[in-house]
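[1] no letters, just coordinates:
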């Protein structure tokens, strides 16, 4: 019979992810991997034999959720795909997952490339990482955003057992591809409904897949446990087609307009802006580090996107934090919070976007996203007050404790205060 273990996190300010006011001198009581009580320390009765984790005056928050990440990618460089052995990507993913967890992100929605084996390795404790929701292979039309065939005639795509090819065309081709991806273990379907900034064969405004094809994607996904569809989308027509078809979330949303905003509000569609990605590619363009076909769009899209996402935020569209890490450097995930503040959120709203709303977007809100009784013990402690300096959360050194599923997976708290794990017979 498994022994029940109790842990109390105390001596910190609670920011519970709901948007409620912070609670000073707060505590969180955990039994095994589940939160039992949350609130002022003096309101919580502590069972016998409870271990005590002193937060050292830090700030106790839910584990963050990144709703758009690529744990298998490090820059999407075509040259890497040509030269690097396939196994190298899996070994590198181990470090990417560690960096993500170290940054305070305990759950992610992988937006392409992570297969069922990566998820299995994390769940079985073979490697350390955030819990994963995977799409396996993003769907792309021939010549679309995830078709890596080049005009030279060279194709830099990678497929292997467990990772289906992404290309599908026509209603029946799309239907079969969705089924193949679901068979491979996809828990969410990702579809490329527009081109991209980094694409060799298309542009970000180009619409891809017909309305009928997209309806089939949503239909087939919903047949299996009501699986949701996320849509890579920069341009207006692609977003319109995707929302009409019933996709669950729009990723990026660079060129969205008032009509799209109204459609999202009417349909309850989530928006995952990944502002970091467009900011990063603009910085690369200014440094002369983008390819010829990327540069023009790269210089423009971030400023355009910021203004449009700002309009969506003020209109009330539900925004979840996503970073596109893999395009940008892993472990920098929480830098996205400061960018969300640049489009109008206050720090508390940005934290909610990275916790509660992220969990809602992924369908995991019954177990994650807020610090409430009955939810899983995914908890981070920050040495800095994020409501005064949200940008500081982007530095993983300021995340001093990370707890995932009740297990302490990062602990540098001793660098700022004395920590004691005490066993009490009665308090």
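    That came through, no problem. Note that this is a predicted model, so its numbers are computed, not measured.

[2] please name the nearest non-neighbouring residue to residue 102.
    residue 396 (5.1 Å; CB to CB, 6 or more residues apart in numbering). Glycine gets a C-beta too; all of them are placed from N, C-alpha and C.

[3] ok, residues contacting stretch 83-101?
    Identification of contacts with stretch 83-101 by CB atoms under 8 Å, 6 or more residues apart in numbering yields 66, 69, 71-72, 74, 108, 113-114, 117-118, 122, 127-130, 158, 160, 325-326, 330-331, 333, 396, 402, 404, 409-410.

[4] what's the answer for stretch 172-190, then?
    Residues contacting stretch 172-190 (CB under 8 Å, 6+ apart): 109, 111-112, 115-116, 119, 133-139, 162-164, 166-168, 209, 213, 216-217, 220-221, 224, 227-232, 248, 251, 362.

[5] those residues in helices, which ones?
    116, 119, 213, 216-217, 220-221, 362 (DSSP state H).

[6] which of the contacts of stretch 83-101 fall in helices?
    Using DSSP H, the subset of the contacts of stretch 83-101 located in helices is 117-118, 122.

[7] what's the PyMOL syntax to select whichever of those residues are buried?
    Listed next is the PyMOL selection for buried residues among the ones in helices among the contacts of stretch 83-101, using 16 or more other CB atoms under 10 Å:
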select buried, resi 118+122
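
[8] now, which of the ones in helices among the contacts of stretch 83-101 sits nearest residue 199?
    residue 118 (24.8 Å; CB to CB).

[9] may I see the buried residues of stretch 313-328?
    Here stretch 313-328 shows 313, 317-328 as buried, counting by 16+ other CB under 10 Å.

[10] got CSV for those residues, with distance to residue 269 and pLDDT too?
    Formatted as CSV, these follow (distance: CB to CB, whole Å; pLDDT from 0 to 100):
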residue, distance to residue 269, pLDDT
313, 14, 98
317, 8, 98
318, 8, 98
319, 11, 98
320, 11, 98
321, 16, 98
322, 14, 98
323, 20, 98
324, 19, 97
325, 23, 97
326, 24, 96
327, 22, 92
328, 24, 94
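
[11] are any of the contacts of stretch 83-101 buried, and which?
    Buried members of those, scored by 16+ other CB under 10 Å, are 66, 69, 71-72, 74, 108, 113-114, 118, 122, 127-130, 325-326, 330-331, 333, 396, 402, 404, 409-410.

[12] please flag which of the residues you listed sit within strands.
    66, 69, 108, 402, 404, 409-410 (DSSP state E).

[13] looking at those, spot the one nearest residue 286.
    Taking these together and measuring to residue 286 by CB to CB, the closest member is residue 69, at 24.7 Å.

[14] what is that closest one paired to in the beta sheet?
    Beta-bridge pairing for residue 69 (DSSP bridges): residue 110, residue 325.

[15] list the contacts of it.
    100, 108-111, 322-326, 333.

[16] turn the ones in strands among the buried ones among the contacts of stretch 83-101 into JSON lines, including pLDDT and distance to residue 380.
    As requested, those are exported to JSON lines (pLDDT from 0 to 100; distance: CB to CB, whole Å):
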{"residue": "66", "pLDDT": "98", "distance to residue 380": "13"}
{"residue": "69", "pLDDT": "98", "distance to residue 380": "17"}
{"residue": "108", "pLDDT": "98", "distance to residue 380": "14"}
{"residue": "402", "pLDDT": "98", "distance to residue 380": "5"}
{"residue": "404", "pLDDT": "98", "distance to residue 380": "9"}
{"residue": "409", "pLDDT": "97", "distance to residue 380": "10"}
{"residue": "410", "pLDDT": "97", "distance to residue 380": "9"}
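
[17] tell me the one of these nearest residue 357?
    Minimum distance to residue 357 across those is 12.1 Å, recorded for residue 66 (CB to CB).

[18] pretty sure the closest one contacts residue 326?
    No: if you go by CB atoms under 8 Å, residue 66 and residue 326 don't touch, sitting 10.4 Å apart.

[19] and residue 39, which helix or strand is it part of?
    strand 34-40 (DSSP states H and E).

[20] the helix or strand that that strand is followed by: partners in the sheet, and parallel or antiparallel?
    Scanning forward in sequence from strand 34-40 by DSSP H and E, the next helix or strand is strand 51-54. According to DSSP bridges, strand 51-54 has the following sheet partners: strand 6-14 (parallel).

[21] which residues are contacting the partner strand?
    22-31, 38-39, 41, 44, 46-47, 49-60, 371, 379, 381, 385, 406.

[22] what subset of those residues is buried?
    Among the contacts of strand 6-14, the ones that count as buried (16+ other CB under 10 Å) are 22-23, 26-31, 38-39, 41, 44, 46, 50, 52-56, 58-60, 371, 379, 381, 406.

[23] tell me the domain boundaries of the chain?
    6-63+370-415, 64-362 (automatic domain parsing).

[24] that older thread, for the ones in strands among the buried ones among the contacts of stretch 83-101, give me a markdown table that also has distance to residue 179.
    Below are those laid out as a markdown table (distance: CB to CB, whole Å):
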| residue | distance to residue 179 |
| --- | --- |
| 66 | 28 |
| 69 | 25 |
| 108 | 25 |
| 402 | 37 |
| 404 | 32 |
| 409 | 36 |
| 410 | 39 |
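
[25] sorry, back to before: farthest-apart pair in the ones in helices among the contacts of stretch 172-190, please.
    119 and 213 (27.4 Å).

[26] higher neighbour count, those two?
    residue 213 (23 against 20; other CB atoms under 10 Å).

[27] quick check: the closest residue to that one other than its chain neighbours vs residue 241, distance?
    Among residues not flanking residue 213 along the chain, residue 174 sits closest, at 4.7 Å (CB to CB, 6+ apart). Using CB to CB, to the nearest Å, we find residue 174 at a distance of 13 Å from residue 241.

[28] shared neighbours of the two, anything?
    Contacts common to residue 174 and residue 241, judged by CB under 8 Å, 6+ apart, are residue 209.

[29] wait, the residue nearest to residue 102 touches residue 331, no?
    Yes: here residue 396 reaches residue 331: they are 5.8 Å apart, a contact under CB under 8 Å.

[30] please enumerate the helices of the stretch 201-350 of the chain.
    211-223, 236-245, 258-267, 275-286, 292-315, 335-342, 347-353 (DSSP state H, counting those that start in this stretch).

[31] wait, a strand at residue 27?
    Yes: counting by DSSP: H, G, I helix; E, B strand; the rest coil, residue 27 is part of a strand.
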